[in-house]
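Sequence and computational prediction follow.
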Amino acid sequence: MSQNSSEKTKEKKLLEDERKRLRTLIETIPDLVWLKDTEGIYLLCNPKFERLYGVKESEMIGKTDFDFVSKELAQFFRRKDKEALEAGEPSTNIEWLTYADDGHRELVETIKTPMYSADGKIIGILGIARDITARSIAENDLRKFMLGIENSSDAIFVTDINGTIDFINPAFEKTYGFSRPEALGKTPRIIKSGLIPPESYKYLWDTLLAGEPVKGELKNKTKDGRIIDIEASNNPIIDEKGIIEGFLSINRDITERKQELAELILAKEKAEQSDKLKSAFLANMSHEIRTPLNAILGSSALMQDRSTTPAEMEEYYKMMETSGNDLINLIDDILDISRIEANQIEINFHETPVAQFAEEVFRTFKHSLYSENHDNPVIPLFVTPSGNVDYVLNTDPLRLKQILLNILNNSIKFTLEGSIEFCYSPNEAKTRMIFYIKDTGIGIAKDQQEKIFERFTKVADIKTKLYRGTGLGLSIALKLTQLLNGDICIESELDVGSVFYLSFPLSKVLSPVAVAIPEQKPKDESLAFLSGKVILIAEDVEYNYRYLDIVLRKNQDVKIIWAKNGIEAVDFCKKNPEINIVLMDIQLPEMNGLDAVRLIKSQNMNLPVIAQTAYATPIDIEGCRNAGCDDVLVKPINRITLLQLLKKYIT
């Protein structure tokens, strides 16, 4: 009996010790721990669970969740308990809990496990809830970080400590063309271009292994062999113990950006060069304008000197005429290059027989040659194709003539002796017409031959001889040639001469023709046809009117009526039906010339009206004709051209 009692006492002590150890274990666990029976009644809990509900364990035992929390939350807890009991195995769920003692919230992972008796009967449910708030935040941050890497437009790859690639993002595949299976397990040598010096790679790895990041630009190679510019940021991956575990590389493709930058730099350099050229052009314009003005004003002052002889007067007159023509040519060049650059140049294509056209160009060229210098020893030559077959160009003859005369005048300027040859012939296939202009001038160095077609450019050595000009003539010739679907090129040698070649598509071949250069007949400058005629001059600027009046009154039988504005012009035409012709300025006060022409023509459709205007573009001239003008005189008005037009419409 005594022995049995002693054994029972010993067993009871062992059981009590076991309970104490279990209790100590439950109380020291940092997680929430609780035990309920199958009806949801609390049997025990640990101190941390006491904080959740804000009551002591002794106050919780014998009660349920409905005694401590809201009905909705208590029902949620009870439902999860039943799910675990019915399943007969542990169940897990994630939930937010708010502590009653201080109000803080935790995201917990709760595990509810059914408790069984020795005979296998469920007697209750054990709950353990672990705070996973920090882990969840870290996982969420990691998820966001990975999403950022996956969606980054920069190519990103990660290597281990040995440089073996173990991660790439989609942008890496897009940038370099390597798929994940192709890149993983390889080293960054697969994107090495071979253009980076070995010492640069040594510096990269030495710095990374020292735990420091490396940033810079380099050239890498794609899978298909393209070389791309990369802005790279390379960083060591260091763990919490300071040990390098691998390397992270972020590569940004800046190829397009560098190309754009290079284009911007080039555009800037061109703009600066253009500014320099424009500055030089303005200085040159000042010189080119003042030079003929000096001759004009100086000659006019000398002509007023009473001691001037008739021979000197003739010389001064020629100086003024030549200088005036120089000014007109200068203005025409400036207007042409402006219209070309603004894409406002008008091209009128129509079929043009080459032989007749070339003869006209040569006549004008001969006149320019001798007008430039009567004592010029240069010999003009005109060479035509062998045979008597003519050809037709579909072109704008006015613009083509301008091109050829620009080049011929350029040859006149730079050829002091020898000859200037103008010729034309078809190519062997007779599909294109080739014009040649050959001179024995100063020639052009090979490195300067392309520059002569640039705006405002003059390549002649001003230390040897100062050649006048705007530097626009050949630029205009090139642009117009391109607009006429032609090509232009040059062969030249210093101190030997130059040959300009111009090629244009042929339209067709004509029947045999005789090609000759007829001598020009002297112009009839007689004013007899003006006798008894009445001419209305509509002009608001007195000097312009006086010029026309002086020219026309060389015939003393002519009657001149002066209208100083558009209204007067219309009124004079209505009151003076004997008026034979009207010279109408376009820019008049009170009523402009075009409106005046319309009214005059509405009163007398048969009365000839000639516009005299400083607006010289084809559009302006067409506007004059559309208003009813029979013809147009462009200022400054040439005396012979004026008389020829008057004779055409009066007789």
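Cool, got the structure.

need the strands for the stretch 1-150 of the chain, in chain order.
For the stretch 1-150 of the chain, the strands defined by DSSP state E, counting those that start in this stretch cover 32-37, 42-45, 91-98, 105-116, 122-131.

which parts of the third one are buried?
Read it as strand 91-98. Ser91, Leu97 (16 or more other Cβ atoms under 10 Å). C-betas here are computed from N, CA, C, even on glycine.

now that strand: how far from the chain's centre is it?
61 Å (Cα atoms, centre = their mean, to the nearest Å).

what does the second one give?
In terms of Cα atoms, centre = their mean, the gap separating the centre of strand 42-45 from the centre of its chain is 79 Å.

list the contacts for Ala616?
Residues near Ala616 by Cβ atoms under 8 Å, 6 or more residues apart in numbering: Asp332, Leu335, Val634, Lys635.

hmm, back to that, want to try TSV for the strands of the stretch 1-150 of the chain, with mean pLDDT and distance to Glu72 as columns?
Converted to TSV, these look like this (pLDDT from 0 to 100; distance: least, Cβ to Cβ, whole Å):
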stretch	mean pLDDT	distance to Glu72
strand 32-37	91	19
strand 42-45	91	19
strand 91-98	88	13
strand 105-116	90	17
strand 122-131	91	19
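
could you dump the ones you listed to JSON lines with distance to Lys533?
Putting the strands of the stretch 1-150 of the chain into JSON lines (distance: least, Cβ to Cβ, whole Å) gives the following:
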{"stretch": "strand 32-37", "distance to Lys533": "124"}
{"stretch": "strand 42-45", "distance to Lys533": "131"}
{"stretch": "strand 91-98", "distance to Lys533": "111"}
{"stretch": "strand 105-116", "distance to Lys533": "111"}
{"stretch": "strand 122-131", "distance to Lys533": "117"}
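
Going along the chain, name the helices of the stretch 451-600 of the chain.
473-483, 542-552, 566-575, 593-603 (DSSP state H, counting those that start in this stretch).

With mean neighbour count added, can I get these in a markdown table?
Shown next, in a markdown table, are the helices of the stretch 451-600 of the chain (neighbours: other Cβ atoms under 10 Å):
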| stretch | mean neighbour count |
| --- | --- |
| helix 473-483 | 20 |
| helix 542-552 | 15 |
| helix 566-575 | 19 |
| helix 593-603 | 19 |
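
ok, back up a step: any idea which of the strands of the stretch 1-150 of the chain gets closest to Pro380?
strand 105-116 (101.4 Å; Cβ to Cβ).

Wasn't Gln612 part of a helix?
No: read with DSSP: H, G, I helix; E, B strand; the rest coil, Gln612 is strand and lies in no helix.

Now for the closest residue to it other than its chain neighbours, how many residues are close by?
Leaving aside its chain neighbours, Gln612 sits nearest to Leu633 (4.5 Å; criterion: Cβ to Cβ, 6 or more residues apart in numbering). Leu633 has 20 neighbours, counted by other Cβ atoms under 10 Å.

hmm, back to that, name the member of the contacts of Ala616 with the most neighbours.
Going by other Cβ under 10 Å, Val634 tops these with 18 neighbours.

what sits up against stretch 532-543?
Contacts for stretch 532-543 (Cβ under 8 Å, 6+ apart): 545, 548-549, 552, 557-566, 568-569, 572-573, 576, 578-585, 587-589, 593, 596, 612, 646, 650.

where's Phe453 relative to Glu182, distance?
Computed as Cβ to Cβ, to the nearest Å, the Phe453 to Glu182 distance reads 52 Å.

still on that earlier bit, nearest to Glu314, out of the strands of the stretch 1-150 of the chain?
Using Cβ to Cβ, those put strand 105-116 closest to Glu314, at 111.2 Å.
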